[in-house]
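Chemist: quick one, what's the 3D model for this:
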Amino acid sequence: MSFRKNESGNVLVLTAMCLTILMGFVAMAIDVGMLFHARVQMQIAADAAAAAAALDYKYGESTRVQSDATAAATQNGMLATGTATINDPPTSGYHKAAGYIEAVVSEPYPTFFMKTFGFGAINVSARAVAGSSANGGCLWTLARSGTDVSLTGSGAITAQNCSIYDDSNASNALQVVGSGSISAKSIGIVGGYNNVGGHISPNPPTTGIAPAADPLSLPAPTIPTGSCSGSACNPSNVGSGNMVLGPGTYTSITNVGSGTLTLTPGNYIITGSLSNTSTLGKLILGAGNYTIGGNFTSTGSGSLTLGAGLYTVGGNLSLTGSGPMTGSGVTFYTQGSTTVTGSGNMNLSAPTSGTYSGVLFFQSTSDTQAMKITGSSGDDLQGIVYAPAAALTLTGSGNVTVSLDIIVDSLNITGSGTIALTNYAVVDNTNSVLDKLAMVE
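Modeler: Below is the predicted model:
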């Protein structure tokens, strides 16, 4: 006699159970996929709302912020059941400072299959932060390790109306050694700081922040080429005489002695070097674009007048003379090292329009050639210093007030003077390339 029961029906039951569970997972996957799609749509709406609100604040339309942000979010996918909340300044994230606008877009999104489990709708939200890349900051040091900001000696650097951002994660990312001081509206450091006998304000600075992104991206200029042949390729003004040159291509140009060398307005290609070693003379460069394949050097006690334009230097830029140096609307793009020294009579300002509006000195994002700028009382520098892969040494002699925004790999402050930074992109040139609205979160 067989006592084995008939189990043939169990297979059908198990199959039905497995199919039910499988269909449940499929249904959930469909709902989750649709929610992910909704999340992407909400992010687009949040970005649009933040941009609209930031533009209103930028152009003084503060009474329209909420309505314009809601309209922008609606036009970019937010339904009538959604809400767009604007926070000024942001209540979360890495940019909780004046000048940045946060938009939080939220919307209940209906489900299909998850209703079976009691989830008739799930709230989907996204946030975005927009603002000017210049807002709040006038000094960014971008190196992720080592000492990014270093002050030695008895000098000081102040940035009372703007902020310092230090991206290094080292314990001594910001360091003061000596009796000097670093002070700013705010100081944010990824790592830590070390103060040996000096002064830091605010004290303590904010540590543990997320690295600040490079607030600027500049395209390298197109560099024209040319060649020169003949006896006129290497003009040299020697002695007390005067010389006038016109636009064109030269191999080298030199000014020596006590005379005046004038380059009339236009575009110049100098495949070699441009040198001014005059003692009592003058080098006058008319407005135009200058491409210098070698070094651009100005030493001695003679004067240097720079016309408005782009100065592209393939070698080293060394403007270290003791004579007057003036230039309005000038931009220097260097591929070698940069050394600029003022003796109380240096007056350089960046252009206020065009591709490089606001840019005074800059290098490519991969150029590690060092920069050195020395200022004295009476000097006037206005513009943006952009060398994101290079170290900058900033030296003060006396009390120097300069309107600069500085974006470099690292900064070393030396000397016995006080260097006061004002926020160039906010104070002097709201049309600069740094004062552009951007999505920062």
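Chemist: so where's the stretch 201-350 of the chain shaky on pLDDT?
Modeler: 344 (pLDDT under 70).
Chemist: recalculate using a threshold of 90.
Modeler: When residues are selected by pLDDT under 90, those of the stretch 201-350 of the chain lie in 209-220, 222, 229-231, 239-241, 257, 278-281, 300-302, 321-322, 342-345.
Chemist: show me the helices in the stretch 1-150 of the chain, by range?
Modeler: Along the stretch 1-150 of the chain, counting by DSSP state H, counting those that start in this stretch, helices occupy 8-58, 65-75.
Chemist: worst mean pLDDT among those?
Modeler: Here the lowest mean pLDDT among these goes to helix 8-58, at a mean of 70.
Chemist: so which helix or strand takes in residue 384?
Modeler: Assigned by DSSP states H and E, residue 384 belongs to strand 380-397.
Chemist: name the helices or strands packed onto the first helix or strand past that strand going along the chain?
Modeler: Beyond strand 380-397 in the direction of the C-terminus, DSSP H and E gives the next helix or strand as strand 399-415. Helices and strands touching strand 399-415, by 3 or more C-beta pairs under 8 Å, 6 or more residues apart in numbering; DSSP states H and E, are strand 137-141, strand 149-152, strand 371-376, strand 380-397, strand 418-422, helix 424-427. No exception for glycine: its C-beta is placed from N, CA and C like everyone else's.
Chemist: that older thread, by how many degrees do the strand holding residue 384 and strand 418-422 diverge?
Modeler: Interaxial angle of strand 380-397 relative to strand 418-422 (axes from the mean of the first three to the mean of the last three C-alpha atoms, to 10 degrees): 150 degrees.
Chemist: could you list the buried residues of strand 380-397?
Modeler: Judged by neighbour count using 16 or more other C-beta atoms under 10 Å, the buried positions of strand 380-397 are 380-397.
Chemist: do I have it right that residue 355 meets residue 219?
Modeler: Yes - using C-beta atoms under 8 Å, residue 355 is in contact with residue 219, at 7.5 Å.
Chemist: between the two, which one's more packed in?
Modeler: residue 355 (12 against 8; other C-beta atoms under 10 Å).
Chemist: contacting residues around the more buried one?
Modeler: 219, 433 (C-beta atoms under 8 Å, 6 or more residues apart in numbering).
Chemist: ok so it is a strand residue?
Modeler: No - judged by DSSP: H, G, I helix; E, B strand; the rest coil, residue 355 forms no part of a strand; its state is coil.
Chemist: and of the helices and strands packed on strand 399-415, who's closest to residue 317?
Modeler: strand 371-376 (9.1 Å; C-beta to C-beta).
Chemist: adjacent strands (with direction) for that closest one?
Modeler: Strand 371-376 pairs in its sheet with strand 338-341 (parallel), strand 380-397 (parallel), by DSSP bridges.
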